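Enquirer: sequence? don't have it. structure:
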């Protein structure tokens, strides 16, 4: 398991956590690149997402499932599903989807890939610093396809957040379009700044 330092994240959900910050520091080098120091979980996520190091899946999944099982606010006994945030970038390997499916398998929870859809192309929000521009990008971006979790509790999962806007818009869609009663959120890492 990976050493973590969970952070409560506020939003339109009942309870949410980022399991750690993503980086500890990032200093520019003379050649224009950066010398970045990651938290252990941030390093594992970086290696999975950007180095295609799939050996990171197992320790990440063990860390997430241990936290969900041992931390009562997640209400594991009432959860009906894990819903991954639909990715904004098309790539052959989607870390958020793969991790959610592995977490679901460990917790015996379904992870449907057809429930929450992204119906609007958006830029990667990490490239947008203005809050209003991020919200404009996300307006109408998510669609819930049916009522299968109406009145139920679900866990919304993402790998990395900055401001939490994506999660807020997805959560609002799940509650208003899908009539889900309780939404809980777990995110692997959070950037050090919101902007």
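Expert: The structure has been received and is ready for your questions. These numbers come from a predicted model, not from an experiment.
Enquirer: Under the pLDDT cut-off, which ranges of this structure? List them.
Expert: For the chain, residues meeting the criterion pLDDT under 70 lie at 120-137, 194-195.
Enquirer: What segments of it are helices?
Expert: Assigned by DSSP state H, the chain shows helices spanning 40-51, 57-70, 95-107, 131-138, 165-176.
Enquirer: Of all the ones you listed, which one is nearest residue 76?
Expert: Proximity to residue 76 (C-beta to C-beta) singles out helix 57-70 among the helices of the chain, at 5.6 Å. Just so you know, the C-beta spots here come from the backbone N, C-alpha and C atoms, and that holds for glycine as well.
Enquirer: Packing partners of that closest one?
Expert: strand 15-21, helix 40-51, helix 95-107, strand 182-190 (3 or more C-beta pairs under 8 Å, 6 or more residues apart in numbering; DSSP states H and E).
Enquirer: switch the cut-off to 10 Å
Expert: With contacts taken as 3 or more C-beta pairs under 10 Å, 6 or more residues apart in numbering; DSSP states H and E, helix 57-70 sits against strand 15-21, helix 40-51, strand 79-84, helix 95-107, strand 153-161, strand 182-190.
Enquirer: Columns distance to residue 140 on top of these, output as JSON lines?
Expert: Below are the helices and strands packed on helix 57-70 laid out as JSON lines (distance: least, C-beta to C-beta, whole Å):
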{"stretch": "strand 15-21", "distance to residue 140": "23"}
{"stretch": "helix 40-51", "distance to residue 140": "27"}
{"stretch": "strand 79-84", "distance to residue 140": "18"}
{"stretch": "helix 95-107", "distance to residue 140": "21"}
{"stretch": "strand 153-161", "distance to residue 140": "18"}
{"stretch": "strand 182-190", "distance to residue 140": "19"}
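Enquirer: Turn the ones you listed into JSON lines, columns for mean neighbour count and distance to residue 63.
Expert: Formatted as JSON lines, the helices and strands packed on helix 57-70 follow (neighbours: other C-beta atoms under 10 Å; distance: least, C-beta to C-beta, whole Å):
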{"stretch": "strand 15-21", "mean neighbour count": "22", "distance to residue 63": "7"}
{"stretch": "helix 40-51", "mean neighbour count": "18", "distance to residue 63": "7"}
{"stretch": "strand 79-84", "mean neighbour count": "22", "distance to residue 63": "15"}
{"stretch": "helix 95-107", "mean neighbour count": "19", "distance to residue 63": "10"}
{"stretch": "strand 153-161", "mean neighbour count": "24", "distance to residue 63": "13"}
{"stretch": "strand 182-190", "mean neighbour count": "24", "distance to residue 63": "8"}
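Enquirer: So for residue 2, which of those sits nearest?
Expert: Across those, residue 2 has its closest neighbour in helix 40-51 (4.9 Å, C-beta to C-beta).
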